[in-house]
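>>> The sequence and its predicted three-dimensional model are supplied below.
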Amino acid sequence: MSQQAIILTGDRTTGPLHLGHYVGSLRARVELQHRATQFLLLADTQAMTDNVGRHQKVTDNVIEVALDYLAAGIDPAKSTIFIQSQVPELCELSMYLLNLVTVSRLERNPTIKQEIQLRGFERDIPAGFLTYPVAQAADITAFRATRVPVGDDQLPMIEQTNELVRRFNHTVGQEVLVECEAVLSAVTRLPGIDGRAKMSKSLGNSIALGATPDEISKAVKAMYTDPGHLRVDDPGQVEGNVVFAFLDAFDPDPAAVAELKAHYQRGGLGDSVLKRRLDVLLQETLAPIRAAREQYSADRGEVLAMLRRGTEKARAVAACTVADVKRALGLNYFS
């Protein structure tokens with residue numbers, strides 16, 4: 001097994017995971033755990049940055065996200081799943097890294113700019129939210145991660161992490177922290193069923209991993225296609241068509257999908273045919289995940305015990321990194 005550490009920081013505990021998470025990085029995590037040392041973080045502290053007054057929602061969903069991990073195939077014997085808020089070393093490391101970045105640099109981060117606009121913060125930005133790229137850098141560097149599976153919208157976060165690593169190492173004159181690289185899946189982002197660029201539970205355009213058969217079918221029927229494709233014989237547009245985006249992500253026969261696209265573009269193929277095919281595929285994909293989730297959910301006490309074990313292991317690793325950082329900064333007064 002490779003000793004590459006992989007820390008995953010993108011799953012905020014504001015709700016169960018959806019298909020966007022699944023194709024964006026979760027499938028990659030399931031595969032990578034067999035050939036790498038992997039840490040999976042439940043980002044409850046990060047979720048608190050824009051959920052003031054809704055903290056109960058965040059804490060309630062910690063176990064829900066853990067259930068999704070397990071149901072999707074994450075093996076706690078091969079991957080360390082832990083809770084961000086229970087590893088205080090991450091907050092300490094964040095504080096040291098915050099001294100190495102300016103407010104203007106944080107405001108230029110494209111991901112942050114987009115998220116601020118999405119939430120309508122304007123200039124009333126919670127300081128914790130503005131600085132969460134630094135907290136994410138701490139999450140990654142605390143485990144000396146070398147590879148981080150992310151969606152393409154998170155690439156600016158990886159860039160900022162590596163900037164901070166270089167700045168810290170230059171400041172202390174030694175190689176203490178390590179840079180990382182992003183690992184992108186074949187499908188870097190899945191659109192929402194309404195045609196928006198990003199699938200999100202808060203936007204109401206997602207399909208949860210634990211969705212029931214009826215919920216899946218209802219979502220597929222509501223998917224945005226080509227508004228100009230009014231009759232079966234009309235030529236249709238593939239670009240921006242959510243059904244085709246999903247077929248690209250889930251259909252195991254790309255040649256068949258290519259033929260469907262060509263048929264749709266020349267006319268004579270109805271949206272209902274495409275949606276029936278997709279419905280079958282999603283039902284087949286999510287049925288075993290839903291069944292596994294129900295099985296794990298029956299013993300939540302064991303899930304919590306697993307999280308405790310993972311968190312204790314993660315904290316020990318993070319503590320070693322923080323000790324090295326403090327020594328490099330001369331903050332080791334009693335040792």
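Yep, it's here.
>>> which parts of the helix or strand encompassing K218 are buried?
Assigning secondary structure by DSSP states H and E places K218 in helix 213-221. Under the neighbour-count criterion of 16 or more other C-beta atoms under 10 Å, helix 213-221 has I216, S217, A219, V220 buried. C-beta: built from backbone N, CA, C; applies to glycine.
>>> likewise stretch 41-60?
If you call a residue buried by 16+ other C-beta under 10 Å, then stretch 41-60 has these buried ones: L41, L42, A43, D44, T45, Q46, A47, M48, T49, D50, N51, V58.
>>> Please flag which of these sit within helices.
Using DSSP state H, the subset of these located in helices is D44, T45, Q46, A47, M48, V58.
>>> Return the distance of Q46 relative to L100.
Distance check for Q46 against L100: by C-beta to C-beta, to the nearest Å, it reads 19 Å.
>>> Y22 too?
Taking C-beta to C-beta, one finds Y22 at 35 Å from L100.
>>> Compare those two and say which is more crowded by neighbours.
Using other C-beta atoms under 10 Å as the criterion, Y22 and L100 rank with Y22 on top: 26 against 17.
>>> which residues does the more buried one contact?
Residues near Y22 by C-beta atoms under 8 Å, 6 or more residues apart in numbering: A72, L209.
>>> same thing but 10 Å
Contact analysis of Y22 by C-beta atoms under 10 Å, 6 or more residues apart in numbering lists 29-30, 68, 72, 185, 187, 190, 199, 207-209, 249-250, 285-286, 289.
>>> for this structure, which helix is longest?
Under DSSP H, the chain gives helix 300-329 as its longest helix.
>>> And that helix, what does it pack against?
Other helices and strands packing on helix 300-329, by 3 or more C-beta pairs under 10 Å, 6 or more residues apart in numbering; DSSP states H and E, are strand 5-8, strand 37-42, helix 55-72, strand 79-83, helix 88-98, helix 132-141, helix 155-172, helix 271-297.
>>> Nearest to R119, out of those?
If you check each of the helices and strands packed on helix 300-329 against R119 by C-beta to C-beta, helix 132-141 wins as the nearest, at 12.3 Å.
>>> Enumerate the positions of that closest one that are buried.
Neighbour counts over helix 132-141 (16+ other C-beta under 10 Å) mark Y132, P133, V134, A135, Q136, A137, A138, D139, I140, T141 as buried.
>>> Tabulate the residues you listed (CSV), appending pLDDT and distance to D279.
Below are these laid out as CSV (pLDDT from 0 to 100; distance: C-beta to C-beta, whole Å):
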residue, pLDDT, distance to D279
Y132, 88, 37
P133, 92, 39
V134, 95, 43
A135, 94, 40
Q136, 93, 36
A137, 95, 41
A138, 96, 42
D139, 94, 37
I140, 94, 38
T141, 96, 43
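>>> Dump these to a markdown table, plus distance to L155.
Output for the buried residues of helix 132-141, formatted as a markdown table (distance: C-beta to C-beta, whole Å):
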| residue | distance to L155 |
| --- | --- |
| Y132 | 16 |
| P133 | 12 |
| V134 | 17 |
| A135 | 17 |
| Q136 | 12 |
| A137 | 14 |
| A138 | 18 |
| D139 | 16 |
| I140 | 13 |
| T141 | 17 |
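>>> List just the nearest of those to Y333.
Closest to Y333 out of the buried residues of helix 132-141 is A138 (22.1 Å), distances taken as C-beta to C-beta.
>>> For that closest one, give its distance to G240.
38 Å.
>>> what's the answer for A291, then?
According to C-beta to C-beta, A291 and G240 sit 34 Å apart.
>>> Which parts of this structure belong to which domain?
Domains of the chain are assigned by automatic domain parsing as 5-189+300-329, 213-294.
>>> wait, A127 sits on V103?
Yes - counting by C-beta atoms under 10 Å, A127 touches V103, with 9.4 Å between them.
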